[in-house]
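Engineer: From the sequence below, what's the structure:
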Amino acid sequence: MSDEDKATPEGDEDQDAARRPHAKRDGAAADHDRQDDQDDDAGQEDEPPQKKRSKLPFVIAGGVVLLLAILYGIYYLLTLGQVSTDDAYTDGRAVSIASNVSGYVTKLDINDNSYVQAGQVLLEVDPREDQAAVRQAEANLDFARAALASAQVNLVETKTRAPAELKQAEAKLEQAKAQARVAELNYRREHSVDRRATSQTSIDQALERLKSAQATVSGAEAQVASARLVPQMLSTAKAEVSQREAQLAQAQANLVRAKVKLTYNIIHAPQAGWITMRNVYLGSFVQSGQQMFDIVSPKTWVTANFKENQLTHMRAGERVTLSVDAYPGLHLKGHVDSIQRGSGARFSAFPAENATGNFVKIVRRVPVKIDIDSGLPATGLPLGISVEATVYTQ
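Structural biologist: Model (predicted):
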């Protein structure tokens with residue numbers, strides 16, 4: 001008999017008890033599935049029959065994509081050869097006006113942002129000190145002229161007097177020599193006669209006259225030697241004339257400089273334009289070299305900073321259209337005037353140094369000057385406002 005046959009009735013009862021819960025759960029799950037099937041059948045009976053899907057949305061989407069492709073193609077053809085940048089600004093000529101003299105502002109004929117004509121008087125600095133300098137320079141000039149005239153007269157006198165003094169000195173020398181010879185003859189005569197025919201006093205007087213005549217000859221010889229320096233005396237007189245002429249030229253230059261400096265007290269407009277950045281007022285004390293204001297010229301152009309890879313076909317003279325952010329309704333036309341020979345980074349205060357360390361390539365921008373041909377208002381445009389530039393390259 002097998003082990004299964006040997007099983008007791010109690011074991012069978014235990015197994016039946018263990019199967020009952022599983023059987024109950026399986027029955028409940030089966031009932032739930034049948035209920036779901038019935039609900040699905042009821043729902044299917046309630047739903048209407050499905051319609052066939054339309055292809056119209058796909059056709060519309062395809063048409064839109066095709067239209068966009070056509071528009072892009074048209075845009076590409078229309079913009080072919082155009083290079084644009086919004087890194088552009090209006091530019092112009094702004095002249096800084098500074099004072100050449102120091103003093104108080106006694107007259108002011110300008111105001112902030114006012115328009116001035118070329119040559120118009122803008123302001124005046126107190127001129128009294130410079131006027132006194134002009135008068136002093138005029139007095140120095142008169143003194144130099146008088147000194148020159150005196151030196152010229154002295155030269156003429158020297159030319160006449162020096163030869164005459166030489167002849168006079170030579171004549172005196174001859175006279176002194178003659179007197180010396182006479183004195184020597186008298187002295188010898190006193191010694192040659194008998195002692196009883198003369199006296200010691202006569203001999204002593206003859207000796208003194210001889211010595212005096214010899215001294216007179218020596219003095220006359222010295223005068224002749226001095227009088228013979230006629231060339232040197234003439235050279236000295238001529239040198240004095242040259243010196244006085246140089247002093248006269250210096251005095252004339254000082255007078256011109258004083259008069260020029262006096263004109264610096266009145267400041268005129270070097271060009272027509274608008275007064276900008278004014279920092280001077282009536283009664284202000286200005287220093288020499290102090291910047292007082294700027295004059296912005298009506299002439300305006302545009303400086304556009306294009307990327308280096310946009311310059312391939314760009315040439316001077318090509319047509320340009322401009323739009324100004326500040327004036328949306330303003331449409332300007334111009335042409336490329338010139339392209340700067342160097343990027344902005346090359347001429348910056350601290351150029352990049354890529355010889356050492358890590359290198360990161362950055363696209364450089366090159367300034368391009370654009371002249372405005374038409375559309376510019378009569379008053380021009382403010383400097384430094386944003387512009388969008390489009391160049392039509394060939």
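
Engineer: Next, please give the residue ranges for the strands of the stretch 151-300 of the chain.
Structural biologist: Listed in chain order, the strands found in the stretch 151-300 of the chain under DSSP state E, counting those that start in this stretch are 266-268, 273-276, 285-286, 291-307.

Engineer: let me fix that: the stretch 1-150 of the chain
Structural biologist: Listed in chain order, the strands of the stretch 1-150 of the chain (DSSP E, counting those that start in this stretch) span 82-98, 103-108, 115-116, 121-125.

Engineer: and the angle from the second one to strand 291-307?
Structural biologist: The reference is to strand 103-108. With axes from the mean of the first three to the mean of the last three C-alpha atoms, to 10 degrees applied, the angle from strand 103-108 to strand 291-307 works out at 80 degrees.

Engineer: ok, back up a step: mind checking which of the strands of the stretch 151-300 of the chain is nearest residue 105?
Structural biologist: strand 285-286 (6.3 Å; C-beta to C-beta). (C-beta placed from N, C-alpha, C; glycine too.)

Engineer: ok, back up a step: deepest of the strands of the stretch 1-150 of the chain, which one?
Structural biologist: strand 121-125 (a mean of 19; mean count of other C-beta atoms under 10 Å).

Engineer: Could the C-alpha coordinates of that strand be exported in PDB?
Structural biologist: Extracted C-alpha coordinates of strand 121-125, given in PDB (Å, rounded to 0.1, in the frame of the first residue of the first chain):
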ATOM      1  CA  VAL A 121      31.500 135.300 -29.900                       C
ATOM      2  CA  LEU A 122      30.800 132.700 -27.200                       C
ATOM      3  CA  LEU A 123      32.300 134.200 -24.000                       C
ATOM      4  CA  GLU A 124      34.900 136.700 -22.800                       C
ATOM      5  CA  VAL A 125      37.500 136.400 -20.000                       C
END
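
Engineer: In this structure residue 289 contacts residue 98, no?
Structural biologist: Yes. Residue 289 is within contact range of residue 98, at 5.6 Å (criterion: C-beta atoms under 8 Å).

Engineer: coming back round to it: let's have the strands of the stretch 1-150 of the chain in JSON lines, adding mean pLDDT.
Structural biologist: As requested, these are arranged in JSON lines below (pLDDT from 0 to 100):
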{"stretch": "strand 82-98", "mean pLDDT": "93"}
{"stretch": "strand 103-108", "mean pLDDT": "94"}
{"stretch": "strand 115-116", "mean pLDDT": "94"}
{"stretch": "strand 121-125", "mean pLDDT": "95"}
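
Engineer: so which of these gets nearest residue 136?
Structural biologist: strand 103-108 (17.4 Å).

Engineer: Tell me the helices and strands packed up against the closest one.
Structural biologist: Identification of packing neighbours for strand 103-108 by 3 or more C-beta pairs under 8 Å, 6 or more residues apart in numbering; DSSP states H and E yields strand 121-125, strand 285-286.

Engineer: quick revisit: so can I have CSV of the strands of the stretch 151-300 of the chain showing distance to residue 218?
Structural biologist: Putting these into CSV (distance: least, C-beta to C-beta, whole Å) gives the following:
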stretch, distance to residue 218
strand 266-268, 72
strand 273-276, 86
strand 285-286, 74
strand 291-307, 78
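
Engineer: In this structure, which residue is most central in space?
Structural biologist: The centroid of the chain falls nearest to residue 96 when counting by C-alpha atoms, centre = their mean (9.9 Å).

Engineer: quick one: contacts for residue 212?
Structural biologist: Listed by C-beta atoms under 8 Å, 6 or more residues apart in numbering, the contact set of residue 212 reads residue 183.

Engineer: swap that for residue 117, please
Structural biologist: Residue 117 makes contact with 269, 272 under the criterion C-beta under 8 Å, 6+ apart.
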